[in-house]
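Visitor: kindly return the folded structure for what I paste below:
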Amino acid sequence: MPRRAMPIPDGVPVLSQGRHWNPRSGACFMEMASFLAGERWSDHPKCTHPVLAAAARCVNDAVDDPTRQRLVVMIPEVVGLNPDDPRVDAAIAARCATEALPVSSERAQHALAVGLLAAERTLAQLEGETGPLGRMCREALSTAPSAEKWARDFTARAGALRRPLRSHAARRLVALSIDAIAEACVTDTPDRLVRLLRACIDDTKSFMPPVPASTSRLEVPWEPAAKDRRPELSGS
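Guide: As a prediction, the model looks like this:
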């Protein structure tokens, strides 16, 4: 028997799919984050790491309306979550691709494996061959040996054996991974996507510098640029 969606309490923002020009026309996950950060209304706010923001936008658009409301509680967590650690791009992309690879179609697996090999190379350079993120990539690739072989052959022909995973490629891999999960023949697609965004947020948090014990997050809020204007959410 399908579970009934709980009614949305008054005052809780209702997320919707796609991009919105202003709050009156609705809000996606990252647009609401821009509002909470006091930034200019945008689905690409400065307060959140670009690859994490890409994952949030893709999950927001891939799930149905009831599932999308389950994402609301995570929005405050991405405000100010923008570490400058060079591993973050590859870590988030690898997280998404490792979740997608086992349930994807053969065609999608080939592209995902190419991206995972690039993430694995990048992480090996940054954290060593035995780092936990690199092991995650290796374990995922081992579940699809034919896709890995295809990806290695393709990468060799393309002359990209040593090419690292750049930020724009990481965002593309994130989008491909989430699309692959959304289209997979599994019965728990919404839950998988919610868990994936949760994992991406937690992964990104692990790269944040430690906060001094005498300082709470409330005492060091995200500071928007002076030129940014905070939009009004009310319809008046």
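Visitor: nearest the geometric middle of this protein, what residue?
Guide: Central residue of the chain (CA atoms, centre = their mean): Ala55, 2.4 Å from the mean position.
Visitor: so which strand or helix has that residue?
Guide: helix 50-62 (DSSP states H and E).
Visitor: mean confidence for that helix?
Guide: Helix 50-62 shows a mean pLDDT of 97.
Visitor: helix or strand right after it?
Guide: helix 65-69.
Visitor: who are the packing partners of that next one?
Guide: The contact analysis (3 or more CB pairs under 8 Å, 6 or more residues apart in numbering; DSSP states H and E) places helix 65-69 against helix 189-205. (Each C-beta comes from the backbone N, C-alpha and C, glycine too.)
Visitor: which positions in the helix it packs on come out as buried?
Guide: Buried residues in helix 189-205, counting neighbours by 16 or more other CB atoms under 10 Å, are found at 189-190, 192-194, 196-201, 203-204.
Visitor: how about the lengthiest helix in the chain: buried residues?
Guide: Longest helix in the chain, counting residues (DSSP state H): helix 106-127. By neighbour count on 16+ other CB under 10 Å, the buried set for helix 106-127 is 108-124, 126-127.
Visitor: now for Leu141: which residues touch it?
Guide: Applying CB atoms under 8 Å, 6 or more residues apart in numbering to Leu141 gives the contacts 101, 113, 116-117, 120, 147-148.
Visitor: for Leu165, same thing?
Guide: Counting by CB under 8 Å, 6+ apart, Leu165 touches 89-90, 93, 115, 118-119, 121-122, 173.
Visitor: helix or strand: which one has it?
Guide: Using DSSP H and E, Leu165 maps to neither a helix nor a strand.
Visitor: and the pLDDT at it?
Guide: pLDDT at Leu165 comes out at 87.
Visitor: ramachandran angles for it?
Guide: phi -90, psi 110 (degrees, to the nearest 10).
Visitor: coming back round to it: of the contacts of Leu141, closest to Ala156?
Guide: Ala156 lies nearest to Leu117 out of these, by CB to CB, at 10.5 Å.
Visitor: what sits against the closest one?
Guide: By CB under 8 Å, 6+ apart, the residues touching Leu117 are 137, 141, 148, 151-152, 155.
Visitor: from one end of stretch 121-140 to the other, what's the distance?
Guide: 14 Å (CA to CA, to the nearest Å).
Visitor: nope, stretch 99-108 is what I meant
Guide: Terminal residues of stretch 99-108 are spaced 13 Å apart (CA to CA).
Visitor: quick one: contacts of it?
Guide: 109, 112-113, 116, 140-141, 143-144, 147, 176-181, 183-186, 192, 196, 199.
Visitor: likewise stretch 72-85?
Guide: 12-13, 15, 29-30, 32-33, 36-37, 46-49, 52-53, 56, 197-198, 201, 204-205, 207-209, 217, 221-222.
Visitor: how long is it from one end to the other?
Guide: 26 Å.
Visitor: quick one: the residue nearest to the centre of the chain from Phe29, how far?
Guide: 10 Å (CB to CB, to the nearest Å).
Visitor: now do the domain split for this protein, please.
Guide: In terms of domains, the chain is parsed into 23-82, 88-205 (source: automatic domain parsing).
Visitor: out of those, deepest packed?
Guide: For those, the largest average neighbour count (mean count of other CB atoms under 10 Å) is found in domain 23-82, namely a mean of 21.
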